[in-house]
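Asker: below: sequence and its predicted model.
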Amino acid sequence: NSTERAKSYNFDEIIDRTGTNAMNTDGFRQYIFNATSEMTFPFKDEEMIRMWIADMDFATPPEILDAVKQRLDRRIMGYSQIFDPAYYEAVASWMKRYYDWCFPKEHLETSNGIIPALYELVEYICQPDEKVLILTPSYGFFKSAADHNRLELVCSDMINEQGQYTIDFKDFEAKARHEKVRVCIFCNPHNPSGRIWSTEELERVGEICLSNDVWIISDEIHCDLLRTGKTHTPLAKLFPATDRIITCMSPSKTFNMAGLMFSNVIIPNKGLRDIWQARHYGFKNPLSIAATQAAYEHGDAWLRQLKLYLDGNFAYVDEYVKQHLPLAVFHIPDATYLAWIDIAPYAPKDVSLPLFFAEQAGVLLEDGGMFVANGEGYIRLNLACPRSILKEGLSRISRVLVKQQEDMLSVTV
Ligand SMILES: Cc1ncc(COP(=O)(O)O)c(C/N=C2\CONC2=O)c1O
């Protein structure tokens with residue numbers, strides 16, 4: 001409509017995040033290097049190109065910030081729950097418009113983020129001697145959800161053929177069959193590979209788990225962040241007859257509002273929902289409620305433009321890698337804003353890649369070693385940043401890798 005056409009958002013704007021308690025600028029020493037703030041690098045913090053943690057260097061949409069300001073103007077920030085039916089209507093409308101999926105209002109719970117929801121759901125579903133099944137490589141907090149609950153983690157390594165990941169269903173089924181495997185934390189779309197699972201793959205995962213009495217927590221946090229033209233299918237949509245699939249979704253990734261710590265957890269199973277309602281701390285941040293509702297009511301135009309901008313960033317990376325790092329393996333992912341690149345032919349051996357790039361290139365990134373297993377030789381780059389920053393980051397990365405390769409060749413000659 002005319003207001004959508006009129007509104008254009010500036011994704012090239014460079015926004016100063018220093019002094020805002022941002023993990024992205026101030027938390028990398030502890031998170032990536034398990035080091036204190038005394039750890040030093042040849043580059044100043046503000047000189048670092050930050051491509052690690054998955055939040056964006058784009059302003060949170062003005063429609064969302066306006067909603068938060070409007071709530072602030074009510075001037076009292078007291079204990080809050082969700083009483084206004086408009087919240088569910090906003091979420092339900094979004095799911096219908098984008099995924100042609102609907103679920104009953106009473107299935108909708110909320111959490112202060114998906115990670116805490118994973119911790120709680122795993123605890124509520126599993127007995128102390130039971131196990132948690134994941135696909136690897138995996139987002140590290142899936143492992144933490146098992147560790148946090150002192151439960152054994154079972155990993156099913158995905159098959160990687162020239163950078164194209166598929167599920168090893170023979171292995172997955174053998175592990176799902178194990179009598180003590182009780183829950184699968186399933187990432188749909190998948191972080192770090194960026195895969196959107198096909199309907200056939202989703203059906204096989206569901207059938208294997210459900211026929212082996214394995215619950216599924218389908219973590220779909222990245223589901224709005226698709227390459228233009230791609231579509232997402234919620235796993236639960238394919239299995240309307242079961243109540244053993246819990247769906248976790250959130251605007252936090254989509255609209256760069258992870259700091260507001262608010263996500264939707266759709267729990268169809270009455271018994272599990274009763275436990276959640278009895279055990280989960282239910283009060284909510286009123287600013288997060290307002291922001292989430294506004295995201296789903298007014299976020300369409302911003303998201304459409306974000307996706308086009310990310311398409312451009314991915315196209316740039318694709319071209320750049322082909323030209324400057326021809327031995328690397330990279331495919332533009334179906335979803336997420338994360339580039340998962342196999343740089344093994346260039347990478348220095350037996351060193352920490354995050355430390356190598358931080359010290360040699362002034363680039364902060366995560367490597368396959370941070371994704372539980374099955375990620376050797378890979379780096380993951382957060383592309384949700386202005387293109388000028390992306391260009392500088394890629395230039396620094398390729399410069400140090402090409403030099404590294406030249407040094408290796410000079411030694412072997
Ligand atoms: C699959 C997945 N689930 C959950 C979360 C976090 O959810 P929250 O608790 O914030 O609601 C993330 C964020 N992924 C990140 C965050 O930094 N690096 C990543 O790969 C994620 O990728």
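Answerer: Structure received.

Asker: burial check on the residue of the stretch 151-300 of the chain found nearest the ligand, number of neighbours?
Answerer: Closest residue of the stretch 151-300 of the chain to the ligand, C-beta to the nearest ligand atom: Asn191 (4.0 Å). Every C-beta, even on glycine, is put in place using the N, C-alpha and C of the backbone. By other C-beta atoms under 10 Å, 25 other residues sit near Asn191.

Asker: burial measure for the residue nearest to it when sequence neighbours are not counted, as a count.
Answerer: Nearest non-adjacent residue to Asn191, counting by C-beta to C-beta, 6 or more residues apart in numbering: Tyr139, 4.7 Å away. For Tyr139, the count of nearby residues is 24 (other C-beta under 10 Å).

Asker: give me every residue that touches Tyr139.
Answerer: Tyr139 sits next to 187, 191-192, 219, 371 when contact means C-beta atoms under 8 Å, 6 or more residues apart in numbering.

Asker: name the member of those residues that has the highest neighbour count.
Answerer: In terms of neighbours by other C-beta under 10 Å, these top out with Asp219 at 29 neighbours.

Asker: for the stretch 1-150 of the chain, which segments count as helices?
Answerer: Along the stretch 1-150 of the chain, the segments classed as helices by DSSP state H, counting those that start in this stretch run 2-6, 23-26, 28-33, 62-72, 86-99, 114-125, 140-148.

Asker: one more: the stretch 151-300 of the chain?
Answerer: Going by DSSP H, counting those that start in this stretch, the stretch 151-300 of the chain shows helices at 169-176, 199-211, 251-254, 270-279, 286-298, 300-324.

Asker: among the ones you listed, which is the most enclosed?
Answerer: Ranked by mean neighbour count, the helices of the stretch 151-300 of the chain are led by helix 251-254 with a mean of 25 (mean count of other C-beta atoms under 10 Å).

Asker: who's in contact with that helix?
Answerer: Against helix 251-254 from outside (C-beta under 8 Å, 6+ apart): 54, 113-114, 221-222, 224-225, 257-258, 260-263, 291-292, 295-296, 299, 303.

Asker: now that helix: mean pLDDT?
Answerer: Averaging pLDDT along helix 251-254 yields 98.

Asker: returning to what we had before: can you redo the helices of the stretch 1-150 of the chain as JSON lines with mean pLDDT?
Answerer: Formatted as JSON lines, the helices of the stretch 1-150 of the chain follow (pLDDT from 0 to 100):
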{"stretch": "helix 2-6", "mean pLDDT": "55"}
{"stretch": "helix 23-26", "mean pLDDT": "98"}
{"stretch": "helix 28-33", "mean pLDDT": "98"}
{"stretch": "helix 62-72", "mean pLDDT": "98"}
{"stretch": "helix 86-99", "mean pLDDT": "98"}
{"stretch": "helix 114-125", "mean pLDDT": "98"}
{"stretch": "helix 140-148", "mean pLDDT": "98"}
